[in-house]
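In: predicted coordinates and the sequence they were generated for:
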Amino acid sequence: MRYIFSTMLVIAGLLLAFTQKEPFTVSGTVMDDQGIPLVNASIIIKGTTKSTVTDAQGMFSIEVPGPKSILVIQYVGYESQEIRLNAGKKLQIKLKVSSEDLQEVVVTGNSAKRKKDITGSVTTINPNYYQKQQPYQSELQGKAAGVNINGQPGNSNTIRIRGNSTLSNKREEAKIYGSHSPSNIQTDKDFEREGYDFISENKFLKVSDNPLSTFSIDVDAASYSNVRRFINEGTLPPAGAVRIEEMINYFTYNYPQPINDDPFSVQTEIAECPWNKDHRLVLVGLQGKKIPVENLPPSNLVFLIDVSGSMQDPNKLPLVKASMQMLVDQLREEDHVAIVVYAGAAGLVLPSTTGSDKIKIKQAIQSLEAGGSTAGGAGIKLAYATAKQHFNNEGNNRVILCTDGDFNVGASSDDAMERLIEEERKSGVFLTVLGYGIGNYQDAKMQKLADKGNGNHAYIDQINEAKKVLVNEFGGTLFTIAKDVKLQIEFNPANVQGYRLIGYENRLLAKEDFNNDKKDAGDMGSGHTVTALYEVIPAGVKTDLLDKVDPLKYSPIKSTVKSSVGKELMNIKLRFKKPDGDKSRLLEHPVTDAQKNWRDASENFRFAAAVAGYGMLLRNSAFKGNLNYLTIQQMAKTALGTDKEGYRKEFLKLVASTAKLNKTDVEEDVSIR
């Protein structure tokens, strides 16, 4: 009997031990002592490096090894808290404001004073750092942001609220931003000062006159998130905001990884054009080599943050701060970050700091407040100087600019900014441009900065977009695997009479630029996919889409196509350089048409075509054929693939919302059946 009892105890102990080691998921919400959700609070499993952060509602979810795990909850400006999980799997966590004051930079018209130092170094800030004093800032805003703020008297307590905000929302925002009377609230027309370049849509070209099509790749995806912002605000975007290539490249595609030392693979596919059955649609896809984060080279980063008065809105500097803290959580010990800010002038807030000191970096970010004019040129110069000072010959050197692009002091014109960036890029420091805000967003300027700075451009309209760009696509956004990537397509006049490149209007190159290694072009990051679509008119098809040119008197066009390439539709040439190289390498890829119909095309092909068609409808393209929003929705719905992050399904909802704005019927239920 005693033996049986002992055996049962042993078995019970083993079962208990096994149960304790079984992993499970814990979820919960992190708030301050007023019940306000804390965005981007850190949740760390004690004794491990595993962590997560809270979302825009202060919620989180994390898998833990067992019920004896301890969670450490941290947020800048608040006391850390340890949670033992025997309290349950669904947690409601309230953090108390820390009794220790954070460093606060107080700038007046003629002096700059620094309170308690959180960076370990004293930074000199230009006495004219802010040319305008900040509006009154309430204690509530300080608590919500995790910073102890003493209000600074200003010339005006007026705040700007978007024109479509409700009165109750305006009053609440007035409380948060310290404007104590509803009469002080002014409303502005949304989007009235936003800047976009005019886009002249690519037309069909005759192969006999223009056998070569040359362009630079574009990995930017800013246009899609910006268009989404317009649609979600209940407004159709201006045509200049719709760059079809960026909308296509917002999504990832299931292209094969390169199998040799090439930085990317090349994928092509041809099928029936869904909006013109007599035409063929050609997809050219590039897949960048995906490098595991642990194998990425060390980073020397400089966060260049616009803290001018135009950045006060909740979707500007507060969103910038949340975005940058998400990025900080991705950094490793070997990575380093410095922080430069600019308003009326530029200043160094945080010297280069190891990525392991996350609390110190986050404190510096969280202490930033907005006010003053915008000396973007001075900020760029200081950021590049800081990056060059800590240049890592074996690593990734990059400036990350966060701004609405509304520069108005010093070098601010497009030409002046382009010249400045072109000069600075010679140092080997790359540039990432993150755009924020509405109403005065300078999209055209942001595009030029990214293009001239060997960089990329994203528009952050919400915290989930920041997660996509800075967490999910961390390697692609920050680590270049090939630069100055150009494509040149030669069409076979025996099989093609005309073609049109869909999008890439601001990436077109002269045919001579393809072999010119001094000509700048787009860069590709780790894991990036790039997709381009051509609409092709086969030889023999009747068409009125090709402009006629009188025959040449002295140089009659003769076909020189050899029989060995007679079945080829086109030949693709690619040139690229290594990130630190000056000499390009050439790849070639001939393409033949297997005569696929639309139904037999891949999900990659069909979804990319759906996004391209959506862009053509938004631009009211002359070449949209028989497209409508219902057709676009049906095309995309059958090509969702695995859609792990839900981006493709979100596209379906965006199409439905756009159709409503156009008063067009579509399927209301876009769920996957």
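Out: Structure's in. What do you need?

In: return the set of buried residues in stretch 535-552.
Out: Buried positions in stretch 535-552, judged by neighbour count with 16 or more other CB atoms under 10 Å: 535-537, 545-546. Bear in mind the C-beta positions are built from the backbone N, C-alpha and C, glycine included.

In: I meant to write stretch 619-630 there.
Out: Using 16+ other CB under 10 Å as the test for burial, stretch 619-630 gives 619, 621, 623-625, 627-629.

In: any chance of the residues you listed in JSON lines, with secondary structure and pLDDT too?
Out: As requested, the buried residues of stretch 619-630 are arranged in JSON lines below (DSSP: H, G, I helix; E, B strand; the rest coil; pLDDT from 0 to 100):
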{"residue": "Arg619", "secondary structure": "coil", "pLDDT": "96"}
{"residue": "Ser621", "secondary structure": "coil", "pLDDT": "97"}
{"residue": "Phe623", "secondary structure": "coil", "pLDDT": "97"}
{"residue": "Lys624", "secondary structure": "coil", "pLDDT": "95"}
{"residue": "Gly625", "secondary structure": "coil", "pLDDT": "93"}
{"residue": "Leu627", "secondary structure": "coil", "pLDDT": "95"}
{"residue": "Asn628", "secondary structure": "coil", "pLDDT": "95"}
{"residue": "Tyr629", "secondary structure": "helix", "pLDDT": "96"}
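
In: looking at those residues, which two lie furthest apart in space?
Out: Using CB to CB, these reach their maximum pairwise distance at Phe623 and Tyr629, which is 16.8 Å.

In: Gln447 versus the residue lying closest to Gln312 once chain neighbours are set aside, what's the distance?
Out: Spatial nearest neighbour of Gln312, excluding adjacent residues (CB to CB, 6 or more residues apart in numbering): Ala370 at 4.3 Å. Ala370 is 24 Å from Gln447, where distance means CB to CB, to the nearest Å.

In: ok, Asp220 next?
Out: Asp220 is 8 Å from Gln447, where distance means CB to CB.

In: can you list residues touching both of the two?
Out: Listed as contacting both Asp220 and Gln447 by CB atoms under 8 Å, 6 or more residues apart in numbering are His457.

In: tell me, what residue is most central in this protein?
Out: Taking CA atoms, centre = their mean, the centroid of the chain lies closest to Ala458, which sits 3.3 Å from it.

In: buried residues, the longest strand anywhere in the chain. List them.
Out: Ranked by number of residues, the top strand in the chain under DSSP state E is strand 480-491. Using 16+ other CB under 10 Å as the test for burial, strand 480-491 gives 480-491.

In: what pairs with that strand, and is each one parallel or antiparallel?
Out: Strand pairing for strand 480-491, using DSSP bridges, gives strand 212-216 (antiparallel), strand 522-525 (antiparallel), strand 568-577 (antiparallel).

In: before we move on, back to that, Arg332: which of the buried residues of stretch 619-630 is nearest?
Out: Among the buried residues of stretch 619-630, Arg619 lies closest to Arg332 (CB to CB), at 42.4 Å.

In: show me what contacts the closest one?
Out: 199, 201, 239, 242, 244.

In: wait, doesn't the second one sit right on Tyr504?
Out: Which is Glu201. No: if you go by CB atoms under 8 Å, Glu201 and Tyr504 don't touch, sitting 10.9 Å apart.

In: of the two, which one has the most company?
Out: Tyr504 (23 against 16; other CB atoms under 10 Å).

In: reformat the buried residues of stretch 619-630 as TSV; add distance to Ala385.
Out: Converted to TSV, the buried residues of stretch 619-630 look like this (distance: CB to CB, whole Å):
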residue	distance to Ala385
Arg619	41
Ser621	45
Phe623	47
Lys624	48
Gly625	52
Leu627	50
Asn628	53
Tyr629	50
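
In: pLDDT score assigned to Tyr136?
Out: On the pLDDT scale, Tyr136 is placed at 26.

In: Ser80 too?
Out: The per-residue pLDDT reported for Ser80 equals 84.

In: skip the chain neighbours and tell me the closest residue to it.
Out: Distances taken as CB to CB, 6+ apart place Gln74 nearest to Ser80, at 4.9 Å, with adjacent residues excluded.
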